[in-house]
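J.: Structure, please.
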Amino acid sequence: MPIAISPHYNREDFPNGISPDQQIEVFVDQITGWQLGIAREMIRQNILHRHFAVLQIVTSYFETIAKYVEGYDQEGSSEEYFKKGILMVFPRWGCFQMTSRSCSSRISTPGSAAAYIMAAKLREHFLLIFQALLVITLTVAWSL
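T.: From the prediction side, this is the model:
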């Protein structure tokens with residue numbers, strides 16, 4: 001039985017190894033299929049008590065995307081990468097707040113262009129779900 005590495009890919013799809021472009025496509029497929037797609041489906045189907053689950057799924061995206069873009073593969077540093085992820089998804093929230101380097105140097109880092117293209121692809125999916133989550137949160141708060 002093939003081992004799935006994303007909703008649409010399995011290990012057997014890459015018998016000669018996986019290229020950087022293929023890694024990005026698999027990562028996008030993982031995030032959209034196993035995280036953001038699930039959150040979107042929970043919202044679409046109006047699943048009872050979905051609010052906290054959708055919040056957990058959506059907020060985990062920030063840390064995930066920052067660690068992926070920077071190539072971080074160790075344990076820990078959740079808070080740091082959560083903050084970096086927020087700035088990657090919402091760059092207008094504070095390029096001036098970057099502590100380790102400026103936004104321009106972050107974007108021009110060698111080898112990071114493909115990761116930023118991938119992040120841009122995922123950003124659209126994320127923003128749709130984030131907007132829906134905000135509407136749900138305000139609706140619940142209004143009804144209390």
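
J.: got any ranges where this structure has weak pLDDT?
T.: 92-126, 128-144 (pLDDT under 70).

J.: just the helices in the protein please.
T.: 20-30, 37-44, 51-70, 78-89, 103-107, 113-143 (DSSP state H).

J.: just checking, what packs against the second one?
T.: Based on contacts counted as 3 or more Cβ pairs under 8 Å, 6 or more residues apart in numbering; DSSP states H and E, the elements that helix 37-44 packs against are helix 51-70, helix 113-143. Using the backbone N, CA and C atoms, a C-beta is placed for each residue, glycine as well.

J.: what's the angle from the shortest one to helix 78-89?
T.: For helix 51-70 and helix 78-89, the angle between their directions (axes from the mean of the first three to the mean of the last three Cα atoms, to 10 degrees) works out to 80 degrees.

J.: can you pull the contacts of Leu127?
T.: Taking Cβ atoms under 8 Å, 6 or more residues apart in numbering, we find Leu127 in contact with Val89.

J.: ok, so what distance separates it from Gln23?
T.: The gap separating Leu127 from Gln23 is 23 Å, by Cβ to Cβ, to the nearest Å.

J.: can you check Phe62 too?
T.: For Phe62 relative to Gln23 (Cβ to Cβ), the value is 20 Å.

J.: neighbour-wise, which of these two wins?
T.: Phe62 (21 against 17; other Cβ atoms under 10 Å).

J.: who touches Lys83 in this structure?
T.: The contact partners of Lys83, taken as Cβ under 8 Å, 6+ apart, are Phe62.

J.: and what of Thr64?
T.: Thr64 touches Ile31, Gln35, Gly85, counting by Cβ under 8 Å, 6+ apart.

J.: Is it possible to mark the buried ones in the residues you listed?
T.: Among these, the ones that count as buried by 16 or more other Cβ atoms under 10 Å are Ile31, Gln35, Gly85.

J.: how about the residues you listed in JSON lines, adding distance to Gly17?
T.: What follows is those, written out as JSON lines (distance: Cβ to Cβ, whole Å):
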{"residue": "Ile31", "distance to Gly17": "22"}
{"residue": "Gln35", "distance to Gly17": "25"}
{"residue": "Gly85", "distance to Gly17": "28"}
